[in-house]
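*Asks:* Provided below are the primary sequence and the corresponding predicted coordinates.
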Amino acid sequence: MDLTTSDDQQALQEMISRFAADRFDIDTVRAFGEPGGFDRAAWAELAELGTFGIALPEDAGGVGLGTIDAVLVHEALGAGLVPGPLVAATLAAGLVDGVIDGSVVPAVLDRPAHGPVVVEHLRDADVLLVVDGDGVSKVDTAGLAGTVLPHPTDPVTPVTLLDAVPTGERVAGPEVAAAWRRLGSVLASAQLVGLSEASTAVAVDYAKERQQFGRPIGSFQGLKHLLADCYMRTEVARSAVWSAGVNIDEPEPGDIDRAVAAARLMAARAATENGKTGVQVHGGMGFTWEVVAHLYLKRAWVLETQFGNPDDAAELVALKVAG
């Protein structure tokens with residue numbers, strides 16, 4: 001299993017990072033969470049880069065690269081705090097017309113076994129795709145009634161509460177649903193890795209500038225330890241997520257489900273712990289709207305439950321290790 005990125009892969013990631021920094025500045029990111037703030041022009045520009053069709057075959061309108069390339073793209077998107085249903089669009093690109101070019105915005109609901117039915121980005125979506133054990137169903141959002149929660153965990157990720165799981169037209173079978181759950185989990189984990197790296201970078205930059213007792217706070221040993229831990233968590237998580245991406249492309253080396261679960265476990269821990277550290281480094285300012293540090297943590301809390309969660313992932317890894 002080769003986890004060394006090629007020159008082309010590095011260029012791909014750098015292109016997405018530059019685009020995110022240029023087109024999705026922090027004011028644009030925050031605006032996406034406001035009612036009517038979803039910028040379809042910016043979303044279409046993101047789609048024009050081939051973002052949602054990276055791993056889709058060329059004969060299906062995609063770029064024709066591998067899952068690992070999609071992982072690299074989503075890592076860069078996570079680091080850039082790029083808003084919107086990124087995982088949903090990547091999954092739906094080969095199934096719903098218009099998603100791959102950005103003209104149709106999808107939302108995805110992984111049918112819950114119990115509890116409330118909540119859907120991210122449904123407020124701005126044109127189509128809802130429901131994933132369950134029997135396959136994938138397509139639902140027209142025009143006929144759906146739900147309550148948009150006034151204070152979602154991530155202010156940039158609008159959440160709608162539905163009374164029940166809607167029924168729709170079955171458009172794919174159980175094999176597609178299983179593949180979506182694996183790929184969706186890995187892509188969300190890739191974004192978590194990007195978040196963990198970016199939140200660390202923001203904290204390091206602040207630690208170099210903030211003065212206390214006549215010295216930058218980054219010179220204090222205790223803070224150095226915290227930030228070093230952030231770096232290590234990010235690199236370990238990145239290895240796990242890249243390994244899962246390669247494993248989906250090349251399933252022979254190992255257990256795909258174990259790799260996907262390990263990626264979720266490590267990436268979620270890295271993003272949430274690094275996000276908390278970033279807020280801590282900023283002190284009381286880290287909780288304020290003006291400082292970006294809290295947005296990394298809140299996005300991590302949302303992504304860690306997409307197509308799985310750390311607790312279930314830990315249980316699966318433990319069962320696999322125990323044989």
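*Replies:* Yes, it's here.

*Asks:* helix or strand: which one has residue 12?
*Replies:* helix 7-23 (DSSP states H and E).

*Asks:* packing partners for that helix?
*Replies:* helix 40-48, helix 67-79 (3 or more C-beta pairs under 8 Å, 6 or more residues apart in numbering; DSSP states H and E). Using the backbone N, CA and C atoms, a C-beta is placed for each residue, glycine as well.

*Asks:* could those go into CSV alongside mean neighbour count?
*Replies:* Conversion of the helices and strands packed on helix 7-23 to CSV gives the following (neighbours: other C-beta atoms under 10 Å):
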stretch, mean neighbour count
helix 40-48, 16
helix 67-79, 27
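
*Asks:* need those in a markdown table (columns: distance to residue 116 and mean pLDDT).
*Replies:* Output for these, formatted as a markdown table (distance: least, C-beta to C-beta, whole Å; pLDDT from 0 to 100):
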| stretch | distance to residue 116 | mean pLDDT |
| --- | --- | --- |
| helix 40-48 | 27 | 97 |
| helix 67-79 | 26 | 98 |
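
*Asks:* reformat the ones you listed as TSV; add distance to residue 291.
*Replies:* Rendered in TSV, the data for those read as follows (distance: least, C-beta to C-beta, whole Å):
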stretch	distance to residue 291
helix 40-48	23
helix 67-79	17
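
*Asks:* closest to residue 141 out of the ones you listed?
*Replies:* helix 40-48 (14.7 Å; C-beta to C-beta).

*Asks:* contacts for the closest one?
*Replies:* With contacts defined as C-beta atoms under 8 Å, 6 or more residues apart in numbering, helix 40-48 is touched by 19, 23-24, 28, 82, 84, 89, 100-103, 105.

*Asks:* now that helix: how far from the chain's centre is it?
*Replies:* Centre-to-centre, helix 40-48 and its host chain are 17 Å apart (C-alpha atoms, centre = their mean, to the nearest Å).

*Asks:* ok, which stretches of this protein are strands?
*Replies:* 106-110, 117-120, 127-132, 135-140, 146-148, 159-162, 169-172, 211-212, 215-216 (DSSP state E).

*Asks:* could you dump the second one to PDB, C-alpha only?
*Replies:* Meaning strand 117-120. Extracted C-alpha coordinates of strand 117-120, given in PDB (Å, rounded to 0.1, in the frame of the first residue of the first chain):
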ATOM      1  CA  VAL A 117     -34.800  12.700  11.900                       C
ATOM      2  CA  VAL A 118     -32.400  15.600  11.200                       C
ATOM      3  CA  VAL A 119     -31.000  16.500   7.800                       C
ATOM      4  CA  GLU A 120     -28.100  18.800   7.100                       C
END
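
*Asks:* other residues contacting it?
*Replies:* Against strand 117-120 from outside (C-beta under 8 Å, 6+ apart): 85, 107-109, 128, 146, 149, 157-165, 302.

*Asks:* pLDDT on it, on average?
*Replies:* Strand 117-120 shows a mean pLDDT of 96 in the predicted model.

*Asks:* same thing with the last one?
*Replies:* Confidence for strand 215-216, expressed as mean pLDDT, is 90.

*Asks:* that strand: how far from the chain's middle?
*Replies:* 35 Å.

*Asks:* list the contacts of the nearest residue to residue 17 once chain neighbours are set aside.
*Replies:* Excluding the flanking residues, the one nearest residue 17 by C-beta to C-beta, 6 or more residues apart in numbering is residue 76, at 4.7 Å. Residue 76 sits next to 13, 16-17, 20, 194 when contact means C-beta under 8 Å, 6+ apart.

*Asks:* paired strands for the least confident helix or strand in the chain by mean pLDDT, with orientation please.
*Replies:* Of all helical and strand segments in the chain, the minimum by mean pLDDT, DSSP states H and E falls on strand 211-212, at a mean of 86. Next to strand 211-212 in the sheet, as set by DSSP bridges, lie strand 215-216 (antiparallel).

*Asks:* what's the partner strand in contact with?
*Replies:* Contacts for strand 215-216 (C-beta under 8 Å, 6+ apart): 207-210.
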